[in-house]
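Asks: Structure of the sequence below:
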Amino acid sequence: MSLDLVVLVPDKDIEQAIVGLLERDKSIGIRPLPAARCAIIVHPQRDPGVYKTGHELLQPFADDVAHALVVFDRAWDGAPSTNARVLATDVEKRCSRDWGNRARCVCIDPEIENWIWSDSPHVPVALGWSGSRELRAWLNEQKLWPRDTHKPSDPKMAFEKAAKKKKVAPSSSIFGQLARKVGIRRCQDPTFLQLLEILREWFPIQSAPTRAET
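Replies: As a prediction, this is how the structure comes out:
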């Protein structure tokens, strides 16, 4: 196989999050995945494109790449279902025609911003705030983060407004920064944990590419 992994994503935010995570092989508990052995494709038609035609973009890679991973958001206009698992299953079925069981899909519920909200001190710093207490109190005042919940009620809106309040441009680099710094165990989002499980299954620490694979 020419590559270990190809990842299809809908935008730069998820792309940078994946790039950052793949650099943390020891924290995740997988063998190293050099950038030269991985490819990340950003679909020009964003989430709807990933869902509808992602399998077509991945098809040319099926004979030369060991595994394919599809990651996209559940919340987008025109989505045929509000169930992230249903959307992911649809994509996996289409991909299986070329990839068999070597392709998996993670549909983030509702959006990538849900992954960044944790008690990590790196989150408020990345958004321009002095600390978690200040940030959460302000979001509570804005009715974006109820006190009795673990995450904001609207993760994307909370992210954008918190950044705007401190005059921080909400760029994709923030997602890469947090992916490299926030403790892996701090994010307990089910789809994030699903992603980690997939990577651990495909690239266990004890494994390494054989001569035939390289």
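Asks: in stretch 125-139, what's buried?
Replies: For stretch 125-139, burial by neighbour count (16 or more other CB atoms under 10 Å) applies to 125-127, 129, 132, 135-136, 138-139. Where C-beta positions appear, they are placed from N, C-alpha and C, glycine not excepted.
Asks: Give the rounded mean pLDDT of the strand ranked longest in the chain.
Replies: For the chain, the strand reaching the highest residue count under DSSP state E is reported as strand 65-73. For strand 65-73, mean pLDDT rounds to 98.
Asks: What's the separation between the closest residue to D11 other than its chain neighbours and W76?
Replies: Leaving out its chain neighbours, the residue that sits closest to D11 by CB to CB, 6 or more residues apart in numbering is R46, at 5.9 Å. For R46, the distance to W76 under the criterion CB to CB, to the nearest Å works out to 7 Å.
Asks: Verify the contact between the residue nearest to D11 and D77 for me.
Replies: No: using CB atoms under 8 Å, R46 is not in contact with D77, being 10.5 Å away.
Asks: Looking at those two now, which is surrounded by more residues?
Replies: Neighbour totals were compared for R46 and D77, and R46 leads with 15 against 6 (other CB atoms under 10 Å).
Asks: Let me know the pLDDT of the more buried one.
Replies: As summarised for this prediction, R46 has a pLDDT of 98.
Asks: what does the one 4 residues further on give?
Replies: Listed pLDDT for V50 reads 98.
Asks: hang on, it in a helix?
Replies: Yes: assignment of V50 by DSSP: H, G, I helix; E, B strand; the rest coil places it within a helix.
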